[in-house]
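> Just the structure for this:
(2 chains)
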Amino acid sequence: MKKLTKLASLALALPLTIALAACSGSSTPSAQPGGSASGGTTGSGKLTAWAWDPAFNIFALNEAAKVYQQDHPDFEIEVVETPWDDLQTKLTTLAQSGQTDELPDIFLMQNNAFQKNVINYPDLFTDYSASPVDFSQFPQGVVDYSVVDGVNYGLPFDNGTAITALRTDVLEKAGYTVDDFTDITWSDFLAKGKDVLAKTGQPLLSGQAGSSDLIMMMLQSAGASLFDAEGKPTITNNEALMKSIDVYAQLVKAGVLTEVNSWDEYIGTLVNSSVAGTINGVWILGSIQTAEDQSGKWQITNLPKLDGLSGATNYSANGGSSWAISSNANAELAADFLNSTFAGSTDFYDTILPSSGAIANWSPAGKSPVYSEPQEFFGGQAVFAQVLEYAPNVPSNNTGAYYYEGRDAVSAAITKILNGTDPATALDEAQKTVEFAMQ
Amino acid sequence: MTRTLRRVPGYLFLTVAAILSVFPLYFMVVSATNTSQDVLDSRLLPGSHLIENFNTLVGSQDVGSAMSHSAVNAIATTALALVVCSIAGYGFEVFHSRGKDTMMSILLLAMMIPFAATMIPLFQLFAELDMVNSTFAVILPAISTPFLILLFRQASRSFPHEIIEAARIDGLGELSIFGRIYLPTMRSTYAAAAVITFMTAWNNFLWPKVILVNNDYQTMPMLISNIRAGYVTDYGMLMLAVLLASLPAVVVFLLLQRSFANGITGAIK
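Residues are numbered from 1 along each chain as shown, chains lettered A, B, ... in the order given. Down below sits the predicted model:
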């Protein structure tokens, strides 16, 4: 019986001890982000930042810190690795609970989500109006993602310029070169795609079923969007959208675009050679290059443009991200840090390009010889310089506060259209869904 | 003979079902030893890149600290939850009254509120208590759950009240009755509750992600989420991380497997 009492008391005491030990973790006051930077002078102190890719944007931040430290030896940066989805969850929680003092000094934000966050949660941001950043050195189309009511809220970082990446070895078998896919229209692309499929059995493209990425890229290439200037949805009677959906449906029906179920499968189709190309933001090259056995077999070119539409171009974008300064920041230091590195140092961009593939949006960086170096993986093509040539031609994209709702509604409509629903009816429903969400 | 033959379709079905349920686990283990490209090619044979994947994983993420934070969270949550919920469940059943029954119904209704709805007020509460970024904030909301209280309450129904009466007559205090008589007899219920709580706590993602604003107390599910977040995912390394993260839950389950089954069936009685 005594033994049992001992056991019971142990059972009670043990968890308490653990709980107390666990509590001690909270007794250390959490590091105060920003605000309390030592001294008042710009350039010394510590910044905290949220970003999500150790090989890409976190790497870039740390390299930027090294560059900045050359002139400001007391400067420090602490990066908290936070995946984008989680970052959005955290921002929403902090904004809705009003706990903005938990925000870091700077955080990275997907371009497509920028306007939505600024419009819904203006309390999270410090704008760039007091900063020395010269936004004219960035492509207007990219800057526009983070402009709300004429005020800049984001400093563009990685380039989301869209490219068509193609397997030259497969094209060769069908008697084509990458030039045959440069500056073409979608009807051209479809015809050539059918030919390649017939001769080699390989589709030119793959995509995630139910994802509207490609359609959104087509739409932006014509300078169109799902919303008008006042932010009202324009999903119905949208000629560019109708054309894009039509092209997409034709690609799928002809088998030139094969639909897969998940993002991982999509990446799989690229690296295991089941398709001969892809159209996406330039960051997709990182995944393509993991297939080392395909070195020398890829090249890039611009996008096909929509037929018979005024304003249609061969250029678009998908993704990309910009740096935001939070409302809880040592704003002066944060702005000076970003301005001296991401908007002011060619050395910095030269360092990050070869090892991370992070292509600058800041135009002076593109003049560096590092960008014109031929890339072995892409058969000696200078892909980075190529992308920088496309970037200024990308039309602006009006994302607004309900971009994701619009995109989701259009994705649902595409699935219905591919299953036989009349496009006008499906888009009408999508329009109503978005209008309902906006009420 | 006919009897054996009659069993064939049943076994066949069970075999297929077993293969289907074991396959994802097999693929996880095998993929942990393959390169990223092999995983995307759906290679089903073990490879030789386990050490390489391990080195990349350890090189890019602080696995040791994530494992230990997950362990502290899961063990502390389980221990505290068992104490709190078993006392509550016992109390609701043994010291039964109309008011307590109403209280229990309210608790059960609380089970239906999704966590997403309570997350923001909960965050606000912890922020006002200055508890953001602490292990304590991760553990505290998980200590008392309506489900566990219900489990213990239902299990207590099968616990003979006569024993309690007899113990009272013999002069045993209420706490001793709970500690010396109830606790040892309900071992299998405790085991079942422990398995459930441990697994929920170990896999908990959303709340830790929100309340741990910086990554000082990062847990394994958060670490896996980080690996998935980059533009390029190393699938071999990812699978290894997933494997490491699932091992403790598997071990706990295997250790308590028999009692788990007894505890669950006992609770339904």
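
> where does residue 3 land on pLDDT?
Let's take chain A. The pLDDT attached to residue A:3 in the predicted structure is 47.

> Correction: the question concerned chain B.
80.

> hang on, it in a helix?
Yes - under DSSP: H, G, I helix; E, B strand; the rest coil, residue B:3 sits within a helix.

> What's the separation between it and chain A?
Residue B:3 sits 44 Å away from chain A, going by CB to the nearest CB, to the nearest Å. Yep, even glycine has a C-beta here, placed from its N, CA and C like the rest.

> Tell me, how many residues neighbour that residue?
A total of 6 residues lie near residue B:3 under the criterion other CB atoms under 10 Å in any protein chain shown.

> swap in residue B:98?
Residues contacting residue B:98 under the criterion other CB under 10 Å number 7.

> Could I get the phi/psi values of residue A:59?
Torsion angles at residue A:59 (phi, psi; degrees, to the nearest 10) stand at phi -60, psi -50.

> Please identify the residues of the stretch 151-300 of chain A in proximity to chain B?
For the stretch 151-300 of chain A, the residues in contact with chain B (CB under 8 Å from any CB of the partner chain) are A:264, A:267-268, A:271-272, A:283-284, A:286-287, A:290-292.

> Just the buried ones from these, in ChimeraX syntax?
To isolate the buried ones among these in ChimeraX, judged by 16 or more other CB atoms under 10 Å in any protein chain shown, type:
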select /A:267,268,271,283,284,286,287,290,291
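
> which of the residues of the stretch 151-300 of chain A next to chain B sit farthest apart?
Using CB to CB, those span at most 20.0 Å, a distance reached by A:272 and A:283.

> rewinding a little: mind checking which of the residues of the stretch 151-300 of chain A next to chain B are in helices?
When these are checked against helices (DSSP state H), the matches are A:264, A:267-268, A:271, A:284, A:286-287.

> Residue 204: neighbour count?
You didn't say which chain, so I picked chain A. Around residue A:204 there are 30 residues (other CB under 10 Å).

> that's the other chain; I wanted chain B
Neighbours of residue B:204 using other CB under 10 Å come to 22.

> Would you mind listing the buried residues in stretch A:118-136?
A:118, A:121, A:124-128, A:131, A:133, A:135.

> ok, now stretch A:100-119?
Of the residues in stretch A:100-119, A:100-118 count as buried by neighbour count, 16+ other CB under 10 Å.

> What separation is there between the residue in the stretch 151-269 of chain B positioned nearest to chain A and residue B:238?
Relative to chain A, the nearest point of the stretch 151-269 of chain B is residue B:229 (3.2 Å; CB to the nearest CB). Per CB to CB, to the nearest Å, residue B:229 is found 11 Å from residue B:238.

> what do you get for residue A:288?
In this view, residue A:288 and residue B:238 are 18 Å apart by CB to CB.

> Quick one: residues contacting the closest residue to residue A:429 other than its chain neighbours.
Nearest residue to residue A:429, sequence neighbours excluded (CB to CB, 6 or more residues apart in numbering or on different chains): residue A:413, at 6.7 Å. Taking CB atoms under 8 Å, 6 or more residues apart in numbering or on different chains, we find residue A:413 in contact with A:235, A:245, A:423, A:426-427, A:429-430.

> Okay then, goodbye and thanks.
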